[in-house]
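In: got a predicted model here, sequence first, then my questions.
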Amino acid sequence: MHLFASAIILGLALAILSPSPVRADSEDGAAGYVRLAHGNVRLLRDGVAISADVGDPVLPGDTIESGDDGSIGVTFRDDCRISLGPRSRLDLRAFEFAPASRRYSFVARLTEGSLHYISGLIAKLAPGRASIETPVGTIAVRGTRFLVRVAAP
């Protein structure tokens, strides 16, 4: 099963590598948008679970979850891209991308599952303002890509 999860993440990562336009502002307050959704994936927003579909906005404060057969790819406004494999949970704790006022922040917490991360402009313009937290430590992002897996509690 581990090989299956890795294959899904790799497939999602390759699919979301294609360039996308960078948007500094968002009328709907979105930090990013669902680019790919497969199987059981959902967003938890204000205590309410909603099915995640391609094109749906992802807001600061949202939790992204995937089920046993789920995988999801999200592209953020700064062109950061993430992919979650099956049985994953990521809390988007903070997101701010305001180049005109030089305000940047990307903080997410992976509590379970697998994450493939490709940094966007926040990590490049404001090193140290992008981080991924896990139950055992924090990954400070300085313009890179990585794959991390957190075992279920």
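Out: Happy to help now that I have it.
In: beyond the helix or strand bottoming out on mean pLDDT in the chain, next helix or strand please.
Out: In the chain, the helix or strand scored least confidently by mean pLDDT, DSSP states H and E is helix 2-15, which has a mean of 48. Where DSSP states H and E defines the elements, the next helix or strand beyond helix 2-15 is strand 32-38.
In: parallel or antiparallel, list what pairs with that following strand.
Out: strand 57-58 (antiparallel), strand 71-76 (antiparallel) (DSSP bridges).
In: hey, which of those strands is tucked in deepest?
Out: strand 71-76 (a mean of 26; mean count of other CB atoms under 10 Å). From N, CA and C alone the C-beta is placed, and that goes for glycine too.
In: neighbouring contacts of whichever helix or strand comes after that strand?
Out: Remark: after strand 71-76, the chain's next helix or strand is strand 81-84, criterion DSSP H and E. The contact list for strand 81-84 (CB atoms under 8 Å, 6 or more residues apart in numbering) reads 9, 12-13, 16-17, 35-36, 41, 64, 66, 70-76, 90, 108, 113-118, 120.
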